[in-house]
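Peer 1: requesting a structural model of the entry that follows:
(one chain, ligands or ions: 1)
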Amino acid sequence: MTAHDAMLDDVAVYALGALPRDQARAVREHLAACPECMAEYRRLKPAVDAVAYSAEASPDAASGAVVPSPRLKVRIMDQIRGSATPPRISNVGEMRAVRPIVWPAYAVAAACLAVALVTTAFNISLNEAVSSSKAQIAQLDNQARLLHRKVAAQSTELADLTSTGSQHYTVENGEVVRHGNRLYIAMQSMGTPPRGKVYQAWIMRKGGKEMTPSVTFMPDRSGVAVVHVPAQASQVVEVAVSMEPEGGSKQPTSKPAFLVKLT
Ligand SMILES: [Zn+2]
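Peer 2: Model (predicted):
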């Protein structure tokens, strides 16, 4: 090991600020004269600063994520200093003989640096996981809200459909139900339309001359369909359902499955 190689070890410890003052001065002087050691110093310094920065920054108290303790850098330094062994006799050269053997310190420093960097990376990914979980919770919350609204609407439907105050108009395979100003089509055993086809509701308004298009719908697997027809029920005098292409038609293109007058 040449004096210059040994100096490279010192440069690493110097970059960490863990070198005793006398050796630090020697390193500074050497750095000024040796481009290679200077290059090594410039390579290490940003990593050391990054660790110091990440260890001192604790940006995300809101997320509850664990961030590196501000004491981390101090602990790293303590470990480096603690592992420095006393000088030992060497015949490699004058400089090597008088300086403490610092390579174990460098090894510890490198390990600490790696751990600190991994910890920082881990905390970044932890923060990401926390935000991702928050997004998922928000999404579930939204779904729960929609579900709640749907259940509320279904309760209204159910109440309307079973209310003794409702008017029921029997049609093939089901009925049309009017409750106050709300109108429903409730089917019990509808055939599944072929691919590309749906059922479509049609209504005739009071004083109207032709059927106007309303909602399209599909029965479930058991052939059940309960459809709220968006119209002022008191203004509707006829209801029909026909099979139409997906997306619905402006005028019926097939013979209605049923047509019922609401009297
Ligand atoms: Zn050098």
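
Peer 1: SS state for the residue of the stretch 151-263 of the chain found nearest the ion?
Peer 2: Going by Cβ to the ion, the ion is nearest to residue 151 of the stretch 151-263 of the chain, at 75.3 Å. No exception for glycine: its C-beta is placed from N, CA and C like everyone else's. Three-state assignment for residue 151 (DSSP: H, G, I helix; E, B strand; the rest coil): helix.

Peer 1: check contacts around it.
Peer 2: Listed by Cβ atoms under 8 Å, 6 or more residues apart in numbering, residue 151 has no contact partners.

Peer 1: list the contacts for the residue nearest to residue 259 when sequence neighbours are not counted?
Peer 2: Excluding the flanking residues, the one nearest residue 259 by Cβ to Cβ, 6 or more residues apart in numbering is residue 240, at 4.0 Å. Contact analysis of residue 240 by Cβ under 8 Å, 6+ apart lists 201-203, 211, 252, 256-260.

Peer 1: strands of this protein, start to end?
Peer 2: Using DSSP state E, the strands assigned to the chain run over residues 167-171, 174-179, 182-187, 197-205, 212-217, 225-229, 236-245, 258-261.

Peer 1: buried residues in the shortest one?
Peer 2: Looking back up the chat, that one is strand 258-261. 258-260 (16 or more other Cβ atoms under 10 Å).

Peer 1: how about residues contacting it?
Peer 2: With Cβ under 8 Å, 6+ apart as the criterion, strand 258-261 contacts 169, 171-173, 176, 237-241.

Peer 1: neighbours of the closest residue to residue 30 other than its chain neighbours, how many?
Peer 2: Setting aside the residues directly before and after it, residue 30 is nearest to residue 7 in space (Cβ to Cβ, 6+ apart), at 5.4 Å. Residue 7: 21 surrounding residues under other Cβ atoms under 10 Å.

Peer 1: about what we covered before: next, give me the two most distant ones among the contacts of strand 258-261.
Peer 2: Spatial extent of the contacts of strand 258-261 (Cβ to Cβ) is set by the pair 173 and 237 at 21.9 Å.

Peer 1: give me the more crowded residue out of these two.
Peer 2: Taking neighbours as other Cβ under 10 Å, residue 173 and residue 237 compare with residue 173 leading, 17 against 14.

Peer 1: which residue is the nearest non-sequential neighbour of that one?
Peer 2: Residue 173 sits nearest to residue 189 (Cβ to Cβ, 6+ apart), 5.0 Å away.

Peer 1: so who does the one you found touch?
Peer 2: Taking Cβ under 8 Å, 6+ apart as the test, what residue 189 contacts is 173-174, 222-224.
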